[in-house]
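# My questions concern the predicted model and sequence given below.
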Amino acid sequence: MRRPFVAGNWKMHKTLAEARELMAGLRAGSDADWKVTVAVCPPYQLLFPMGREIDKTPIKLGAQNVHCQPQGAFTGEVSPAMLIDCKCDYVIIGHSERRQQFGETEELLARKIRAAMEAGLDVIYCVGELLEHREAGDTEKVVAKQLDGALASDVDASRLTIAYEPVWAIGTGKTASPAQAQEVHAFIRGRLAEIFDQATAEAIIIQYGGSVKPNNAKELLSCPDVDGALVGGACLVADDFLAIIRAAHETGS
Ligand code: PEP
């Protein structure tokens, strides 16, 4: 059985004082017996202090982006080894905001995935279609291209999580219905079986992301191929994030 995995993408939110307050709330509500893997992904400036805040808690740390080179003249960038230094276990790669606002291509994302894994990071690789793709019936075509373009059979699947995030559902309050999510998750698992093999695909966690909230988490997480959630807005409020974690815990129990 796949262990549910809930990650919170803080995006460009929280000063140090605000982050400490959020973490205090998460620590107070955390439970060593959670049957769910939990990670927070703060912005870069908070990684080092948050690495200390999560010490002796079941909460893991992740980053929202990484460079594909180990070091060099890349102003403003952060390497995989630097994330390891900050006690990161995870890195989000290919978020739709990086694809859309920063022009990240699958060719670049493939390099980031390999560099991150080689340094010892687990990767949350995001895929998902725009509204226009869905309306044109192109969801599977787009998601297949995103998977095929960045993954290959020699990628370390044991370090891979996929986050299916329909772009039209991110930060909009419009969630995919459980049936819509399950349909695409099942498609993704099939594609992963083609890239790797069936047993490997069965073991890969596929998170859903896109306006996951306490009031819809349980329904989404109950779908057979929805193994967790990548949470944006709701992870910025401790009680909301904890409620989503508890929903995942219940599906994992
Ligand atoms: C995200 O950006 O990864 C996300 C899922 O955001 P939200 O939960 O706010 O839709």
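Received it, and whenever you're ready, just let me know what you need.

# Only C-alpha atoms from now on, for both contacts and neighbour counts.
Fine.

# quick one: residue 207 and residue 164 touch, right?
Yes - contact criterion CA atoms under 8 Å: residue 207 and residue 164 qualify, at 6.1 Å.

# What is the neighbour count of the closest residue to residue 67 other than its chain neighbours?
Setting aside the residues directly before and after it, residue 67 is nearest to residue 79 in space (CA to CA, 6 or more residues apart in numbering), at 5.1 Å. By other CA atoms under 10 Å, 21 other residues sit near residue 79.

# Where does the stretch 1-150 of the chain get nearest to the ligand, residue-wise?
Distance from the ligand to each residue of the stretch 1-150 of the chain (CA to the nearest ligand atom) is smallest for residue 9, at 5.9 Å.

# so what pLDDT did the residue nearest to residue 37 when sequence neighbours are not counted get?
Ranked by CA to CA, 6+ apart and with sequence neighbours excluded, the top spatial neighbour of residue 37 is residue 5, at 4.5 Å. At residue 5, the model reports a pLDDT of 98.

# So what pairs up with residue 5 in the strands?
residue 37, residue 228 (DSSP bridges).

# I'd like the distance between it and residue 247.
11 Å (CA to CA, to the nearest Å).

# distance of the residue of the chain positioned farthest from its centre from residue 117?
Computed with CA atoms, centre = their mean, the residue of the chain farthest from its C-alpha average is residue 73, at 28.1 Å. From residue 73 across to residue 117, the span is 22 Å (CA to CA).

# next one: residue 8
Taking CA to CA, one finds residue 8 at 20 Å from residue 117.

# which is the next helix or strand following the host helix or strand of residue 142?
Residue 142 is part of helix 139-150 when elements are defined by DSSP states H and E. Counting by DSSP H and E, the next helix or strand C-terminal to helix 139-150 is strand 160-164.

# As CSV, could you dump the C-alpha coordinates of that following strand?
What follows is strand 160-164, C-alpha atoms only, in CSV (Å, rounded to 0.1, in the frame of the first residue of the first chain):
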residue,chain,number,x,y,z
LEU,A,160,10.0,10.3,-7.5
THR,A,161,6.5,11.7,-6.6
ILE,A,162,4.2,13.0,-9.2
ALA,A,163,1.9,15.9,-8.4
TYR,A,164,-1.1,16.2,-10.8
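
# near the ligand, anything from it?
No - Strand 160-164 stays clear of the ligand (CA under 6 Å from any ligand atom), getting no nearer than 8.4 Å.

# So what are the sheet partners of that strand and their directions?
strand 122-127 (parallel), strand 205-209 (parallel).

# pretty sure residue 64 contacts residue 40?
No - with contact defined as CA under 8 Å, residue 64 and residue 40 do not form a contacting pair (9.8 Å).

# of the two, who's got more company?
residue 40 (29 against 22).

# Quick one: mean pLDDT for the host helix or strand of that one?
Using DSSP H and E, residue 40 falls within strand 37-41. For strand 37-41, the mean per-residue pLDDT is 98.

# ok, which stretches of this protein are strands?
5-9, 37-41, 59-63, 90-93, 122-127, 160-164, 205-209, 228-231 (DSSP state E).

# Now do the second one: which elements does it pack against?
Other helices and strands packing on strand 37-41, by 3 or more CA pairs under 8 Å, 6 or more residues apart in numbering; DSSP states H and E, are strand 5-9, strand 59-63.

# mind giving me CSV with these and columns for distance to residue 107 and mean neighbour count?
Formatted as CSV, the helices and strands packed on strand 37-41 follow (distance: least, CA to CA, whole Å; neighbours: other CA atoms under 10 Å):
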stretch, distance to residue 107, mean neighbour count
strand 5-9, 23, 25
strand 59-63, 20, 26
